[in-house]
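Peer 1: test case, fold it:
(2 chains)
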Amino acid sequence: MRDDVAPLLEVENLRVRFGTQVDAVRGVSLTVRKGETHCLVGESGCGKSVSALAIMGLLTRSAARTADTLRFGGENLIGIKDRALAKLRGDRMAMIFQEPMTSLNPAFTVGSQLAEVLQRHRKATRAQSLERAAELLAKVGISNPGLRLGQFPHQLSGGLRQRVMIAMALMCDPELLIADEPTTALDVTVQAQILRLLLGLQRELGLAILLITHDLGVVARVAHRVSVMYAGEVVESATAPALFAGPTHPYTHGLLACVPVPGQVRRGEPLGSIPGTVPRLAPGLRGCAFRERCAHAVAACADAVPTHYRGPDHPYRCRLSSDWAEARAA
Amino acid sequence: MTLKQAFAALGALIVGGVAIVAILAPWITPHDPFLQDLNARMQPPFWMDGSSPEHLLGTDQLGRDYLSRLIYGARISMIIGVLVVICSGLIGTTLGVLGGFFGGRVDAVVMFVITCRLAIPLILIALTVVAFVGSSFTVVVLTLGLLLWERFAVVSRTTTMQVRTLDYVAAAQAAGCSRFYILLREVLPNIIHHLVVVATLEMALAILLEAALSFLGLGVPSPLPSWGLMISEAKDYMYFSPWVIMIPGVTLFVLVLGINLLGDGLRDRLGATRDA
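Peer 2: The predicted structure follows:
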């Protein structure tokens, strides 16, 4: 989909290692195009957030990041100078964090934190910035923005704070928004509002969104493209319709079986679950990381995993042929 | 008002009172604190027989008005307290915040410097410095200010470590803030309430240490009316005129108590507003 649009974010073979003990991300590749929502899905601890932080250059110093390609809008992010990266961050690429309760500085008012972003990147005056902040607060659905600008974060609810975070991310009209589980910490009703808001803003502003989530319901609603991550790898990547119609990697299969879909789940039958947890990844792991939990694992799974294609734009990393599920069902 | 709040209010009252008296010293002292009157030596304070209405708190061994000396002494104590806290606060906070924020090697160096500082005997250093350059007001402030920063460093280091991992610091980085900016705007304002409490404790300690140094003859030189010096000079007369040592002693105790009460109150209050 939208292959004609040049990619905004290109990541190839991204690897992150913490110390010598843990390989958190092992060769992630993904592409986000302008105006596209790319969802990164997976269980806790599979490297989604670390990948996002690595792209933004926000990893702690104990982490070692390598990549074959890491390009954003024509800028090479590998070996970029701190100053140049700081210029990009908050201006052309912005990030929303999972925990709205702690993502705002408690010592300053909402208005001053919002205004600051524009003052820094656009050299705008304080008054201009505050005007822009009020405009954006209104856009993200906050009533009485003038009042909110003068309030401190502890005076706002979680949903409001997340909206403020979104407004802050949008202050400079970024091209790419990385949202790390933006709705996980919120009430279900607020979740839906925030998602609608993000989609609306995307349509309006042509924003590219890299959305990290473990919620397949969210993915089904918003994603154009989905990358399923497991144990630091992208195990399957496809357009959202293709993935939901034909999940091919056994892990994707398992994930989808865990979600109740009205009309598809038979009454009285338990929902699926995947036994075990994401393994802790010591360096030098060979073969498929999912094999311990996979019902289709054979001895060959301990060898190097091939990348197969279900469609031209639908790679998956498993030895199974693309029609194994249909063959079994038949 | 709870008992805690009452104590805090008492502390604020004492510190505020002493501060006002210290500021207004030249206008409210009944006599020149340096003026000697050998005919009116060792006059007792107002609650004892034979006191003179001229000298409410009596006079010292050189006939100087005790009340005036006490008021000027408050000035010296407060100025030394404030200057020492500013000096040590700057040093300690800078070291602590740098170590806590950057971690790794920087932190190792900071910890080493703190450990070294803790191994330095303060009185011995003061003695050495005075032996080399002589005692003066500046020497006392610098000696204490350059040596009393370890609590600032330890507290700011730990609190910075806690703040550093919070999302809003990462969010600020994601918004393109420089490290220096993050230290100044994201970290410092969110640890300052801990440092305010440390500052009160350090101020009380500085005032006590100044008195101790002056008592040992290593502090501010005579005839400056420091409370420690007054106690030191009074010790020869305490058997026959115990009030000459009691008055500055009690004042010192009350001021230090007041500062500590105020510090406790500030800690409770600032902590409470943060958690809201």
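
Peer 1: only C-alpha atoms for contact and neighbour calcs from this point on.
Peer 2: OK.

Peer 1: hey, where'd the strands end up in the stretch 101-250 of chain A?
Peer 2: A:176-180, A:208-213, A:225-230, A:233-239 (DSSP state E, counting those that start in this stretch).

Peer 1: so how far is A:Y316 from the residue positioned nearest the centre of chain B?
Peer 2: By CA atoms, centre = their mean, the mean C-alpha position of chain B lies nearest to B:M203, the distance being 2.4 Å. From B:M203 across to A:Y316, the span is 66 Å (CA to CA, to the nearest Å).

Peer 1: check which residues of stretch B:111-123 are buried.
Peer 2: Along stretch B:111-123, these residues count as buried under the neighbour rule (16 or more other CA atoms under 10 Å in any protein chain shown): B:111, B:114, B:117, B:122-123.

Peer 1: how far off centre is it?
Peer 2: For stretch B:111-123, the distance from its own C-alpha centre to the chain's C-alpha centre is 20 Å (CA atoms, centre = their mean, to the nearest Å).

Peer 1: the stretch 101-250 of chain B: helices as residue ranges?
Peer 2: For the stretch 101-250 of chain B, applying DSSP state H, counting those that start in this stretch gives helices covering B:104-118, B:122-133, B:137-147, B:150-164, B:167-174, B:179-181, B:188-215, B:227-234, B:243-275.

Peer 1: just list what the last one packs against, helices and strands only.
Peer 2: Here helix B:243-275 touches helix B:3-23, helix B:188-215, helix B:227-234, going by 3 or more CA pairs under 8 Å, 6 or more residues apart in numbering or on different chains; DSSP states H and E.

Peer 1: most tightly packed of these?
Peer 2: helix B:227-234 (a mean of 24; mean count of other CA atoms under 10 Å in any protein chain shown).

Peer 1: any idea of the angle that helix forms with helix B:243-275?
Peer 2: Put simply, helix B:227-234 runs at 160 degrees to helix B:243-275, going by axes from the mean of the first three to the mean of the last three CA atoms, to 10 degrees.

Peer 1: and helix B:227-234, how far out from the chain middle?
Peer 2: 18 Å.

Peer 1: how about the CA coordinates for the top helix by length along chain A, as PDB?
Peer 2: Secondary structure of chain A per DSSP state H: the longest helix is helix A:188-205. Only the C-alpha atoms of helix A:188-205 are listed here, as PDB (Å, rounded to 0.1, in the frame of the first residue of the first chain):
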ATOM      1  CA  VAL A 188     -11.200   2.300  28.000                       C
ATOM      2  CA  THR A 189     -13.600   5.200  27.100                       C
ATOM      3  CA  VAL A 190     -10.700   7.700  27.000                       C
ATOM      4  CA  GLN A 191      -8.600   5.200  25.000                       C
ATOM      5  CA  ALA A 192     -11.200   5.300  22.200                       C
ATOM      6  CA  GLN A 193     -11.300   9.100  22.300                       C
ATOM      7  CA  ILE A 194      -7.500   9.400  22.100                       C
ATOM      8  CA  LEU A 195      -7.300   6.900  19.200                       C
ATOM      9  CA  ARG A 196     -10.000   8.800  17.300                       C
ATOM     10  CA  LEU A 197      -8.100  12.000  18.000                       C
ATOM     11  CA  LEU A 198      -4.800  10.600  16.600                       C
ATOM     12  CA  LEU A 199      -6.600   9.300  13.500                       C
ATOM     13  CA  GLY A 200      -8.300  12.600  12.900                       C
ATOM     14  CA  LEU A 201      -5.100  14.500  13.300                       C
ATOM     15  CA  GLN A 202      -3.400  12.100  11.000                       C
ATOM     16  CA  ARG A 203      -5.900  12.700   8.200                       C
ATOM     17  CA  GLU A 204      -5.800  16.400   8.800                       C
ATOM     18  CA  LEU A 205      -2.100  16.900   9.100                       C
END
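
Peer 1: now for A:H314, how many residues are close by?
Peer 2: Counted by other CA atoms under 10 Å in any protein chain shown, the residues lying close to A:H314 total 19.

Peer 1: tell me how far it lies from B:Y181.
Peer 2: Per CA to CA, A:H314 is found 44 Å from B:Y181.

Peer 1: tell me the contacts of the residue nearest to B:G11 when sequence neighbours are not counted?
Peer 2: Using CA to CA, 6 or more residues apart in numbering or on different chains and skipping residues adjacent in sequence, the residue nearest B:G11 is B:G258, 3.9 Å away. Counting by CA atoms under 8 Å, 6 or more residues apart in numbering or on different chains, B:G258 touches B:10-15.

Peer 1: and B:D32, how far from B:S52?
Peer 2: Taking CA to CA, one finds B:D32 at 17 Å from B:S52.

Peer 1: more neighbours: which of those two?
Peer 2: Legend: neighbour count by other CA under 10 Å for B:D32 and B:S52, higher for B:S52 (16 against 13).

Peer 1: I'd say the more buried one and B:F46 touch.
Peer 2: Yes: if you go by CA atoms under 8 Å, B:S52 and B:F46 touch, sitting 7.1 Å apart.

Peer 1: who touches both of the two?
Peer 2: B:G58.

Peer 1: need the distance between the two termini of stretch B:159-168.
Peer 2: 15 Å.

Peer 1: whether that stretch contacts chain A - can you check?
Peer 2: Yes: using CA under 8 Å from any CA of the partner chain, we find that stretch B:159-168 touches chain A at B:166-168.

Peer 1: got it, and stretch B:100-112?
Peer 2: No: using CA under 8 Å from any CA, stretch B:100-112 stays clear of chain A, coming no nearer than 9.0 Å.

Peer 1: how far does that stretch sit from its chain's centre?
Peer 2: With CA atoms, centre = their mean, you get 28 Å for stretch B:100-112.

Peer 1: which residues belonging to it are considered buried?
Peer 2: Across stretch B:100-112, burial judged by 16+ other CA under 10 Å covers B:100-101, B:103, B:107, B:110-111.

Peer 1: from those, which is closest to chain A?
Peer 2: Ranked by distance to chain A (CA to the nearest CA), the buried residues of stretch B:100-112 are led by B:G103 at 9.4 Å.

Peer 1: for the closest one, give me the pLDDT.
Peer 2: Here the pLDDT value assigned to B:G103 is 87.

Peer 1: and the one 10 residues further on, by the same measure?
Peer 2: pLDDT recorded at B:V113 is 95.

Peer 1: show me where chain A has its helices.
Peer 2: Counting by DSSP H, the helices of chain A are A:48-56, A:82-88, A:110-122, A:126-139, A:145-149, A:158-170, A:188-205, A:216-222, A:240-245, A:250-257, A:324-329.

Peer 1: and of these, who's closest to A:A295?
Peer 2: Among the helices of chain A, the nearest to A:A295 by CA to CA is helix A:250-257 (8.1 Å).

Peer 1: so where's chain B uncertain?
Peer 2: For chain B, the stretches with pLDDT under 70 are B:271-276.

Peer 1: quick one: name the residues of it near chain A.
Peer 2: With CA under 8 Å from any CA as the criterion, chain B meets chain A at residues B:166-171, B:173-178, B:186, B:189-190, B:276.

Peer 1: most surrounded residue in these?
Peer 2: B:A175 (29 neighbours).

Peer 1: verify the contact between it and A:R92 for me.
Peer 2: No: checked against CA under 8 Å, the pair B:A175 and A:R92 is beyond contact range at 9.8 Å.

Peer 1: what does chain A have sitting close to chain B?
Peer 2: So far as CA under 8 Å from any CA goes, chain A lies against chain B at A:56, A:58, A:83, A:85-91, A:94-97, A:99, A:102-107, A:117, A:154, A:169.

Peer 1: buried ones only from these, please, as a PyMOL command.
Peer 2: Selection of buried members from the residues of chain A next to chain B for PyMOL, criterion 16+ other CA under 10 Å:
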select buried, chain A and resi 56+85+86+87+88+89+90+91+94+95+96+97+99+102+103+104+105+106+107+117+154+169
